[in-house]
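Asker: Sequence first, predicted coordinates after that:
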Amino acid sequence: MMLLNTIVAGCSFLVTCLKQPATSDQQRVTSNRNGLNQRGMALILALLVVAILTTAILDFTIGSRVNLTLAGHAASYCQAMAAAQSGVNFALVALQEETAKYISLDQHWANFSQYTGMSEKLFIQGRFTGNIFDLNARININKLAANTPDPTTLGQLERLFDVLGLERQLIDGILDYVTPGDTPRPYGAKNSYYRSLDPPYSCKNAPLDDLSELLLVKGMTREIYYGRKEKNGQKIVPGLSEFLTVKSDGLINVNTAPEEVLAALFKPPDISLARTIIAHRRETPLKITQDLLQVPGVKEAGLPSNTTCTSHFFSIRITGFSGEASCDIATNVNLSNNQVGLLTWRVF
């Protein structure tokens, strides 16, 4: 508004200067110099007004385009979020429709990612991708968050570290981070260490709310947590995040657990036996844990404890798309009596 007022005032002054009459020859001679000065000023002011108008128009045009672009991005993101939410609802239905008393990888929920390719037919503009993961296929790190960590879970974690080729010293750091107290283990750390960091933070001393909190543990690296590729770029070394969870009842589902977790069930860890179990369950899913004894080598190794053939805890990860926008939703759920309850919900 101030810019508009300035332009209007300048234009009025310009018109006045250009229309100013001379009443006589003598007055023209007398005011010649002043008139020239005024006309010169009027010309300068005219150029200035034109420059200001041009700048104002350009600014308005650019601002309008930016606002339109931002509005378009916002609309696309909302559509992407709606697509992602739809994907989560489809995943919940896939879990609820599973009626078998056991949970295995040959069921529809486990192949959810194959059906997401048809999602674009559900929307005028948008689609989603994603998958459902069995959290009972992983070791629950929160079973260690007590004055006396669960010995079965601790043993499984130690053997998992052996299978993955990780130093067991890092387990001290994990235990110190999730257990109460202020006395660190030989290779662990408590508040005195974490508060000396830059920036400082406190030791959790409690169960983890999210598995990614492990990245705060002394000695933990992103490579250990997320995994890495070998130098040739071909072989992928998995990370701890693929085998651990903070949401489950602590039992390991032998129908869905990966070979690294299955191997860690035995003393000593046995990758060969784990692969035999996977081959067996691929042909015949296990309905009760006693069915493991039908797998060659299990009876000799000893039936592992803390196992099950069903699952109650799942993680759903969906990405929605619309145009160039995307939205991710991650949720953990509890399945009981064909009813699904939400445990966590995160949009990012």
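Answerer: Received the coordinates, thanks. The shown structure was predicted, so the numbers you read here are calculated from the model rather than taken from an experiment. Residues are numbered from 1 along each chain as shown.

Asker: State the distance from Lys204 to Ala279.
Answerer: 40 Å (C-beta to C-beta, to the nearest Å). (Glycine included, C-beta is placed from N, CA and C.)

Asker: more neighbours, those two?
Answerer: Remark: of Lys204 and Ala279, Lys204 carries more neighbours, 19 against 11, as counted by other C-beta atoms under 10 Å.

Asker: doesn't Asp176 make contact with that one?
Answerer: No: contact criterion C-beta atoms under 8 Å: Lys204 and Asp176 do not qualify, at 9.4 Å.

Asker: Strands of the protein, start to end?
Answerer: Assigned by DSSP state E, the chain shows strands spanning 127-134, 139-140, 227-229, 236-238, 244-245, 252-253, 307-308, 313-322, 325-336, 339-347.

Asker: neighbours around Glu300, how many?
Answerer: 7.

Asker: do the same with the one 5 residues further on
Answerer: Ser305 is surrounded by 12 other residues when neighbours are defined as other C-beta under 10 Å.

Asker: Contacts only, for it.
Answerer: Contact analysis of Ser305 by C-beta atoms under 8 Å, 6 or more residues apart in numbering lists Thr152.

Asker: Can we start the residue count at 56 from this point?
Answerer: In the new count, where the first residue is 56, that last one comes out as Ser360.

Asker: that older thread, arrange the strands of the chain in TSV, one row each, with mean neighbour count, mean pLDDT and distance to Gly142 as further columns.
Answerer: Shown next, in TSV, are the strands of the chain (neighbours: other C-beta atoms under 10 Å; pLDDT from 0 to 100; distance: least, C-beta to C-beta, whole Å):
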stretch	mean neighbour count	mean pLDDT	distance to Gly142
strand 182-189	21	96	4
strand 194-195	25	98	26
strand 282-284	13	85	25
strand 291-293	12	84	25
strand 299-300	22	98	21
strand 307-308	26	98	24
strand 362-363	18	96	28
strand 368-377	23	96	4
strand 380-391	18	95	8
strand 394-402	12	92	12
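
Asker: I'd like the ones you listed as TSV, with distance to Gln224 appended.
Answerer: Below are the strands of the chain laid out as TSV (distance: least, C-beta to C-beta, whole Å):
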stretch	distance to Gln224
strand 182-189	29
strand 194-195	18
strand 282-284	19
strand 291-293	19
strand 299-300	17
strand 307-308	24
strand 362-363	28
strand 368-377	29
strand 380-391	30
strand 394-402	31
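
Asker: right, and the ones you listed - which one's nearest Ser251?
Answerer: strand 299-300 (26.9 Å; C-beta to C-beta).

Asker: Gly282 and Ser257: what is the separation?
Answerer: 28 Å.

Asker: swap that for Lys198, please
Answerer: Taking C-beta to C-beta, one finds Lys198 at 22 Å from Ser257.

Asker: neighbour count winner among those two?
Answerer: Neighbour count, other C-beta under 10 Å: between Lys198 and Ser257, Lys198 has more, with 22 against 10.
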